[in-house]
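*Asks:* Fold the stuff below for me.
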Amino acid sequence: FGLGYAPNSFSALMPELKRLGYTEQEMKQGFLCGISQSGRPYDYFRDRVMFPVIDTVGHVVAFSGRDVGGESKAKYLNSSDTPGFSKRRNLFALNFAKNHCTEQLILCEGNMDVVSLHAAGFENAVASLGTALTDEQARIMTKYTKQVVIAYDSDAAGQHAAHRAMDIFAKVGLDVRILNMKDAKDPDEYIKKFGRDAFARLLKSSSTGFEFKLNSVLSKYN
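*Replies:* Next comes the predicted model:
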């Protein structure tokens, strides 16, 4: 996955990019550096595990950084749109998953979920780069698979996002299943707790969209 680390410094990357001949404006356009009110450039990504976003032909087009120090309000910091990258039209790890997803894609919320799934042998997992699923991302998936299993977090926010994603997939005609994770908040935690085989069984028992919506109603009303 090309994982790396951005040091806890405002000026680790920027001087190196300058040495390589890039201008401050180019760094800003590429969402690698910002410009302070005093006019000084600074590194965007600091004290984060770095995930390069690689397109389907192998080019690094953006970055996603996960906070490791616990001091940032944002758990993930993702590249904004640049001249060479659009969040709405890319999926994290599709460059790997596209070779393993003819029958089924697993859609996760976070990059770590995707990395954990691939490490456990589920190489058909992708994530939507820190943004709510878009129509464009759903249409891209139709080119590669017949079915999507939504493996979002088991909290209220994740379940709400799953409802929304189902509607988007319905528009593009993709078959949708929903993963029901108990005693774990996300796929990463589930695999660490219960192992690969348990997750494989969970995939096989995933709910249809109708079952998911019906269970949501039954959980609120007698």
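*Asks:* CA only for contacts and neighbour counts going forward, please
*Replies:* OK.
*Asks:* From what I see, Arg81 and Asn90 are in contact.
*Replies:* To be clear, residue 81 is Asp; Arg isn't right here. No - using CA atoms under 8 Å, Asp81 makes no contact with Asn90, being 10.7 Å away.
*Asks:* Met50 belongs to a helix?
*Replies:* No - per DSSP: H, G, I helix; E, B strand; the rest coil, Met50 lies outside any helix segment and is strand.
*Asks:* quick one: it from Ala119, how far?
*Replies:* Distance, Met50 to Ala119, by CA to CA, to the nearest Å: 17 Å.
*Asks:* Could you check which of these two is surrounded by more residues?
*Replies:* Met50 (22 against 11; other CA atoms under 10 Å).
*Asks:* got the residue ranges for the helices in this structure?
*Replies:* For the chain, helices defined by DSSP state H occupy the ranges 14-19, 24-29, 94-97, 111-119, 135-142, 156-172, 187-194, 196-204, 209-218.
*Asks:* Out of those helices, the one nearest Ile150 is which?
*Replies:* Nearest of the helices of the chain to Ile150, taken as CA to CA: helix 156-172 at 6.7 Å.
*Asks:* tell me the angle of that closest one relative to helix 209-218?
*Replies:* Helix 156-172 and helix 209-218 are oriented at 140 degrees to each other (axes from the mean of the first three to the mean of the last three CA atoms, to 10 degrees).
*Asks:* Next one: Gly21 from Gly39, what distance?
*Replies:* 19 Å.
*Asks:* Ok, Arg46 next?
*Replies:* In terms of CA to CA, Arg46 sits 19 Å off from Gly39.
*Asks:* One more: Pro187?
*Replies:* Distance check for Pro187 against Gly39: by CA to CA, it reads 43 Å.
*Asks:* Enumerate every residue touching the residue nearest to the spatial centre of the chain.
*Replies:* Nearest residue to the geometric centre of the chain (CA atoms, centre = their mean): Ala127, 3.0 Å. Ala127 makes contact with 91-93, 107-111, 114, according to CA atoms under 8 Å, 6 or more residues apart in numbering.
*Asks:* what do you get if the cut-off is 10 Å, keeping everything else the same?
*Replies:* By CA atoms under 10 Å, 6 or more residues apart in numbering, Ala127 lies in contact with 90-94, 106-115, 133, 150-152.
*Asks:* Could you list the low-pLDDT ranges of the chain?
*Replies:* Low-confidence segments of the chain, defined by pLDDT under 70: 131.
*Asks:* If we use 80, what do you get?
*Replies:* 69-73, 130-131, 209, 212, 215-216, 219, 222 (pLDDT under 80).
*Asks:* Arg46 and Gly39: who's more crowded?
*Replies:* Arg46 (24 against 8).
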